[in-house]
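> give me a model of this one.
(one chain, ligands or ions: 2)
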Amino acid sequence: MKPKSLHAVRGEIVHFLADPAHDARALEHFADGLLILREGRVAECGPAVALLSRLPEDATVDDYRGKLILPGFIDTHVHYPQTDIIASHGEQLLEWLEKYTFPAERRFADPEHAAEVAGFFCDELLKNGTTTAAAFATVHAAAVDALFAAALARRMRLITGKVLMDRNCPDFLRDSAESGYAASKALIERWHGRDRLLYAVTPRFAPTSTPAQMTLAGRLFAEHPGVFLQSHVAENRGEVAWAAQLHPEARSYLDVYDRHRQLGPRAVYAHCIWLDDTDRRRMADTGSAISFCPTSNLFLGSGLFDLQRARALGVRVGLGTDVGAGTSFSMLQTLNEAYKVLQLGGQSLSAASAFHLATLGGAHSLYLDDRLGNFVPGKEADFVVLDPQATPLLARRSAACTNLEERLFALMTLGDDRAVAATHVLGSVAWQRKAPAWN
Ligand code: GUN
Ligand code: ZN
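Ligands and ions are numbered 1, 2, ... in the order given. Purely as a prediction, here's the structure:
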């Protein structure tokens, strides 16, 4: 049988071989680069001039010269059922959940609604260059089916799970410890490991699960090696006080999860603003990850995440949009706000660290860096093509930049979905922007 012909993309390639915070040579840059793909994976990545001469004659090359090619973005925390309540005015976390979130999630009892939103959500991720996401669904098993089906149709890497919630919530969203366990188990059997899909046990947060449900969530996580667990912790001061009131036996809010065997590799906790160093050490020691969600933390007035401290204590950190408390699907805009949150905390985020966080850092936080996050041969060929000329302002600012770091910083500060020229999933085009109107 004739081997399949090779496909390649040519452009300015930027990716990371390690964390630039620890290794000055972590960023690899080919000003005129070639990424060679074979059956959806990276075959080779390097300077175009050297690699083109070795490419077979029948190989096809997409020409993205003038644009940047980076690994697909990894959104480590987002809620698909909150797509329609993004930008809802006026409340902080607990009131926002009651007023906007729970009514919106109620509508996912209808599988048709779930399917329609799931399709829009996946397309919106791709339009923003996001090829992997860890997403919350709702308590409804059919809403999980809908998102997995939408991601499968697009061949995206997607982690999701049924929300577990058996107290302190409206009746219309309440499951029980036993029904939540059984439904999650059935979903794991149906979806986990199918194509690129992965399951996450999803207790919403400790205040909305009874100790019985928390125990069963921990059991599900332990019983299914390779499955994820996602939740929220220490986001808002009122929430932290409530968790302490509900769990006087626990040393801290994080300790509630720890006591229920919910820490460990592939456990991902959104926010982690109001942690102390004992908590951070426990996260590092157990291999648990933080999802830093800056647009959400600013929008809900939750607080300022301390990235420096999390890093110093060796905690894995990824970046999350947290839509609908987060205000953008764009990981570029999320990096823009991350920079500002850290500025307010007297910390600085370099453009290299920022793009690492959105790519290889996210993959590392999810224990997926063996297959995602950069262009090392063998990795899954998910990538985003960014256009520094996407808007007149970005074009002007980019023209005034004198080095790569400045150009990347302009892209993350001024860029959004308009800067995403194309998104490829497993090598194939999953999204392509039409020429900008102003051209
Ligand atoms: N804590 C519990 N549920 C949620 C949610 O849906 N969004 C955010 N931002 N925090 C939460
Ligand atoms: Zn969230």
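
> please list the residues of the stretch 251-400 of the chain that sit near ligand 2.
Proximity of the stretch 251-400 of the chain to ligand 2 (CB under 5 Å from the ion) is limited to residues 270, 322. Heads up, the C-betas are built off the backbone N, CA and C, glycines and all.

> ranges for the strands of the stretch 251-400 of the chain?
267-271, 289-292, 316-319, 383-386 (DSSP state E, counting those that start in this stretch).

> would CSV of those strands with mean neighbour count be doable?
Compiled in CSV, those are given as follows (neighbours: other CB atoms under 10 Å):
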stretch, mean neighbour count
strand 267-271, 26
strand 289-292, 28
strand 316-319, 24
strand 383-386, 27
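
> quick check: which ranges of this structure have low pLDDT?
Within the chain, the ranges that satisfy pLDDT under 70 run 1-4, 436-439.

> in what helix or strand does the most centrally placed residue in it lie?
Taking CA atoms, centre = their mean, the centroid of the chain lies closest to Asp75, which sits 1.3 Å from it. Remark: Asp75 resides in strand 73-79, with elements defined by DSSP states H and E.

> and the strands in the stretch 101-250 of the chain?
So, for the stretch 101-250 of the chain - with DSSP E, counting those that start in this stretch - the strands run 130-136, 157-161, 163-164, 197-203, 228-233.

> show me which helix runs longest in the chain.
helix 111-127 (DSSP state H).

> tell me which residues in that one are buried?
113-115, 117-119, 121-122, 124-127 (16 or more other CB atoms under 10 Å).

> ok, stretch 275-292 next?
So for stretch 275-292, counting by 16+ other CB under 10 Å, buried means 275, 279-280, 282-284, 286, 288-292.

> cool, and stretch 354-371?
Quick answer for stretch 354-371 (16+ other CB under 10 Å): 354-369, 371.

> those residues of the stretch 251-400 of the chain touching ligand 1, which are they?
296, 322, 325 (CB under 6 Å from any ligand atom).

> which residues does the second one contact?
Looking back up the chat, that one is Asp322. Asp322 sits next to 77-79, 270, 291, 293, 295-296 when contact means CB atoms under 8 Å, 6 or more residues apart in numbering.

> how close does it sit to Gln92?
Separation of Asp322 from Gln92 (CB to CB, to the nearest Å): 14 Å.

> same check on His29?
42 Å.

> these two: who's more crowded?
Legend: neighbour count by other CB atoms under 10 Å for His29 and Gln92, higher for Gln92 (17 against 12).

> quick one: residues contacting Arg354.
Not Arg; residue 354 is Ala. 335, 338-339, 408-409, 412.

> name the nearest of those relative to Asp58.
Leu408 (34.9 Å; CB to CB).

> what element comes up after the helix or strand hosting that closest one heading to the C-terminus?
According to DSSP H and E, Leu408 maps onto helix 404-414. Under the assignment DSSP H and E, the closest C-terminal helix or strand after helix 404-414 is strand 420-425.

> got the angle for that following strand vs helix 111-127?
110 degrees (axes from the mean of the first three to the mean of the last three CA atoms, to 10 degrees).

> what residues of strand 420-425 count as buried?
In strand 420-425, counting by 16+ other CB under 10 Å, buried: 420-425.
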